[in-house]
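Asker: I would like the atomic coordinates for the input below:
(2 chains)
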Amino acid sequence: MSLLLVEDLEVSFRTTWGPVKANEGISLVVKEREILALIGETGCGKTTFGKALLRLLSRNVKIEGKILFLGRDLLALPEKEMRLVRGKEIGILLQNPSLSLNPVLSIGDQIAEIYRCHENCGKKEAKKKAGEMLVLVGIDPSRKSEYPHQFSGGMLQRVMVAMGLALRPGLLIADEPTKGLDPQTKQQIADLISGLVRQEGSSMLLITHDLEVAERIADRAAVMYAGEIVETGEAGEIFSSPKHPYTRALLESLPGKGLRSVPGQSPSFVSPPPGCRYHPRCEFRMEACPKTRPRLLELEGGRQVRCLLYEKKTGDEKGGKTRCRS
Amino acid sequence: MWNYIAKRLLLISIVIFGVTLITFSAMYLAPGDPAEVIAIARYGQDLSAEQIEAVRETEGLNSSVYIQYLNWLEHVLHLDFGRSLISSDDILEEILLRLPATAELALASLFLSLLIAIPAGTLSSLKQNTLLDNACVFTSLLGVSIPNFWLGLLFIWLFALILRLLPSYGYGSLENLVLPALTLGTSMAAVTTRLTRSSMLEVLKQEYIVAARAKGLDERTILIRHALKNALLPVLTFAGMQLGYLLGGTVIVETIFAWPGLGKLLVDSIFSRDFAMVQGCVLFIAVLFSLSNLAVDILYAVLDPRIRYDKHD
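Answerer: Below is the predicted model:
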């Protein structure tokens, strides 16, 4: 059953150069007890998508489409009710813990205030619960009176996890939770988050550019390019047999798989390329690519791909592979 | 922290030493003969040259400058600021007598300025680029541009002459305090409002404000606990510096309203060439200013956990 159903989401920023669409026609499903990884390179619109779900973007942003959470359209909720969804039903780990924690409040207070606000707890009880949360994420609860600058990056991310999961939300949005961490800490944090999410029976939308982390913990994956979803499917299948040329290029950029960078640069959102947005960088470019906007095609096994290569031979597994470099 | 305070006190004493040097030499170089001033005070306008010479002799004014300076310094170190050349009152006693009036005015106007500036600046930042914000910015620009002596006269004209609500000068009752405090308070509020506004705008852009919203906190908690607590740090520093300045006596406003504070004492002493009193006042004000700045720095460390002087100092 789907916990979160996003339909045709469009996020545009009003700028001096006119509206800039950071997300376009995004449809995604996060099922119950599932970890969905949203992957793509920096600047492709992943973070905007995550923040748009909780309506955390600034006022000059227009969000259209539907965000159904347990059947309710979050975009139609009044701000007052939306506030109760935040933290309580959907938690979010924002990027960059060191900027997302208030420098003048102790970490214990920053966790405790969630309970005080949502559950009307007394000071003492909120503090006790905050301490329990710290234990859960592997921080010595005696450090609760310390301030963010006294923690390392990995520890700060643990604090963020404690805040994000404080009220046991049904869905956790984790925006680049492993960014800027060393490989060992990265694995620990990834395992910690996925472990807690699974233990609570919650779901997670993992937003990351780190393919190894996505592969390690995600059930399904969606690949985003220039504000659009270009491929979705079971995580295992996407990583073992990518279909979209961009996904393929992305995977080949991994150290273990060739360390080849994706050629060219990510396109500008102000004037995106016509037709398929990936065509200027694509190795399999055809004549039709600059002219036709590809649809998101449904393939077998719940796989979706947005590429003209598959347009005629829907379901033909070999379609793309014959063109693949060996 | 104690280490830091000790270090700062040492630095302050060096500054104060510099202040004594400068005030003493400035007074020495100023036109006018201290012996003559004393003699006039003692014997009236009709003076003979012998009388002046006699004063010079008894007051030690004929010894060399640095001997005079060292003499003075030695007395000051024993908290003996000497006696007024005019009234022969003990200088320190006179200063301490005037201090309550100055402190009263300083605290009242600082309180008033913060009472205006913090809500106005906050509101202005929350409603950025609206009519309200523009009105706030414009009014504070006006406030910064209007000099105190003119604003004071304007208030006297309006409240004392036209409306006949408040006394135009004097000291003692709360009514007397209103106009001088209003003059100082509103003009300080102008700067503080702008500072609060820009500081709030900066803080509201921070990611931890988004994070606080993401936790589902209500707007009031976000505003007070997360935004204001950070945004008021620079405002506090500024207010502390202003307090140091105010405690030194606000020369112009105290003079306009005949407020018997330190500033008035200083101005009167300058006009009557009471060199000893001027030196005493300036020294006292310098000490007060340095100590209040130190107090602000200490308070800053208490409020901002990132600042711990001993670790990096």
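
Asker: Every contact and neighbour count from this point should use C-alpha atoms.
Answerer: Fine.

Asker: and the stretch 1-150 of chain A, which of its residues are near chain B?
Answerer: A:54, A:56, A:83-88, A:91-92, A:94, A:99-104, A:113-114, A:117-118, A:147, A:149 (C-alpha under 8 Å from any C-alpha of the partner chain).

Asker: Show the average pLDDT along stretch B:4-24.
Answerer: Regarding stretch B:4-24, the rounded mean pLDDT is 92.

Asker: biggest helix in chain B by residues?
Answerer: The longest helix of chain B (DSSP state H) is helix B:91-126.

Asker: just checking, residue A:102 touches residue B:226?
Answerer: Yes: using C-alpha atoms under 8 Å, residue A:102 makes contact with residue B:226 at a distance of 6.8 Å.

Asker: can you list residues touching both of these two?
Answerer: Shared contacts of residue A:102 and residue B:226, defined by C-alpha atoms under 8 Å, 6 or more residues apart in numbering or on different chains, are found at B:208-209.

Asker: From the residues of the stretch 1-150 of chain A next to chain B, list just the buried residues.
Answerer: For the residues of the stretch 1-150 of chain A next to chain B, a burial check counting by 16 or more other C-alpha atoms under 10 Å in any protein chain shown picks out A:54, A:56, A:83-88, A:91-92, A:94, A:100-104, A:113-114, A:117-118, A:147, A:149.

Asker: care to break the chain down by domain?
Answerer: As the question left the chain open, I've gone with chain A. Per automatic domain parsing, the domain ranges recorded for chain A read A:2-89+A:169-264, A:100-167.

Asker: you looked at the wrong chain, it should be chain B
Answerer: Split by automatic domain parsing, chain B gives B:17-91, B:103-312.

Asker: rewinding a little: for the domains of chain A, please prepare CSV with the additional fields distance to residue B:88 and mean pLDDT.
Answerer: Converted to CSV, the domains of chain A look like this (distance: least, C-alpha to C-alpha, whole Å; pLDDT from 0 to 100):
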stretch, distance to residue B:88, mean pLDDT
domain A:2-89+A:169-264, 69, 94
domain A:100-167, 53, 95
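
Asker: which stretch among those comes nearest residue B:130?
Answerer: domain A:2-89+A:169-264 (14.2 Å; C-alpha to C-alpha).

Asker: Pick out the shakiest of the domains of chain B, pLDDT-wise.
Answerer: For these, mean pLDDT drops lowest on domain B:17-91, to a mean of 85.

Asker: And residue B:184, how close does it get to residue B:237?
Answerer: Distance, residue B:184 to residue B:237, using C-alpha to C-alpha, to the nearest Å: 18 Å.

Asker: and what of residue A:228?
Answerer: Taking C-alpha to C-alpha, one finds residue A:228 at 48 Å from residue B:237.

Asker: now do residue A:259
Answerer: Here residue A:259 is placed at a distance of 52 Å from residue B:237 (C-alpha to C-alpha).

Asker: how deep is residue B:131 tucked in, by neighbour count?
Answerer: Burial of residue B:131 is recorded as 11 neighbouring residues (other C-alpha atoms under 10 Å in any protein chain shown).

Asker: Comparing residue A:228 and residue B:237, which residue is more hemmed in?
Answerer: Each of residue A:228 and residue B:237 has its neighbours counted (other C-alpha under 10 Å); residue A:228 has more, 22 against 17.

Asker: Identify the residues contacting the more buried one.
Answerer: Per C-alpha under 8 Å, 6+ apart, neighbours of residue A:228: A:23-26.

Asker: out of these, which are inside strands?
Answerer: Among the contacts of residue A:228, DSSP state E puts A:23-26 in strands.

Asker: wait, which of the residues you listed is closest to residue B:131?
Answerer: residue A:23 (33.2 Å).

Asker: Give me the nearest residue to that closest one, chain neighbours excluded.
Answerer: Among residues not flanking residue A:23 along the chain, residue A:227 sits closest, at 4.2 Å (C-alpha to C-alpha, 6 or more residues apart in numbering or on different chains).

Asker: Test my guess that that neighbour contacts residue A:21.
Answerer: Yes: at 7.5 Å, residue A:227 counts as touching residue A:21 under the criterion of C-alpha under 8 Å.

Asker: Next to chain A, which bits of chain B? Give me the list.
Answerer: Close to chain A, as judged by C-alpha under 8 Å from any C-alpha, chain B has residues B:206-211, B:213-218, B:226, B:229-230, B:303-306.

Asker: I only care about the residues you listed that end up buried; give me the PyMOL line for that.
Answerer: In PyMOL syntax, the buried subset of the residues of chain B next to chain A is picked out as below (16+ other C-alpha under 10 Å):
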select buried, chain B and resi 207+208+209+210+211+213+214+215+216+217+226+229+230+303+304+305
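
Asker: Out of the residues of chain B next to chain A, list just those in helices.
Answerer: Counting by DSSP H, the residues of chain B next to chain A contribute B:207-211, B:213-214, B:229-230, B:303 to helices.

Asker: which residues of the stretch 1-150 of chain A fall in helices?
Answerer: In the stretch 1-150 of chain A, the helices defined using DSSP state H, counting those that start in this stretch lie at A:46-53, A:79-85, A:97-100, A:107-118, A:123-136.

Asker: Would you point out which residue is most central in chain A?
Answerer: Closest residue to the average C-alpha location of chain A: residue A:207 at 2.3 Å, with C-alpha atoms, centre = their mean.

Asker: Can you name the element that comes right after the strand or helix carrying that one?
Answerer: Assessed by DSSP states H and E, residue A:207 sits inside strand A:203-208. Downstream of strand A:203-208, the next assigned helix or strand under DSSP H and E is helix A:211-217.

Asker: Which positions within that following helix qualify as buried?
Answerer: Buried residues in helix A:211-217 (16+ other C-alpha under 10 Å): A:211, A:213-215, A:217.

Asker: Mind putting the residues you listed into CSV with distance to chain B?
Answerer: Output for the buried residues of helix A:211-217, formatted as CSV (distance: C-alpha to the nearest C-alpha, whole Å):
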residue, distance to chain B
A:211, 25
A:213, 24
A:214, 24
A:215, 27
A:217, 24
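
Asker: Which residues are in contact with the closest residue to chain B within the stretch 201-326 of chain A?
Answerer: Nearest to chain B in the stretch 201-326 of chain A, going by C-alpha to the nearest C-alpha, is residue A:205, at a distance of 15.3 Å. Going by C-alpha under 8 Å, 6+ apart, residue A:205 touches A:30, A:35-38, A:171-174.

Asker: what's the most distant pair in those?
Answerer: Largest pairwise distance in those, by C-alpha to C-alpha, is 14.3 Å, between A:38 and A:171.

Asker: What is the neighbour count of residue 295?
Answerer: As the question left the chain open, I've gone with chain A. Neighbours of residue A:295 (other C-alpha under 10 Å): 14.

Asker: Switch to chain B, please.
Answerer: A count of nearby residues for residue B:295, using other C-alpha under 10 Å, gives 16.

Asker: Show me what the helix or strand where it lies packs onto, helices and strands only.
Answerer: Secondary structure from DSSP H and E places residue B:295 in helix B:275-303. Where contact means 3 or more C-alpha pairs under 8 Å, 6 or more residues apart in numbering or on different chains; DSSP states H and E, helix B:275-303 is packed against helix B:2-29, helix B:91-126, helix B:229-247, helix B:262-271.
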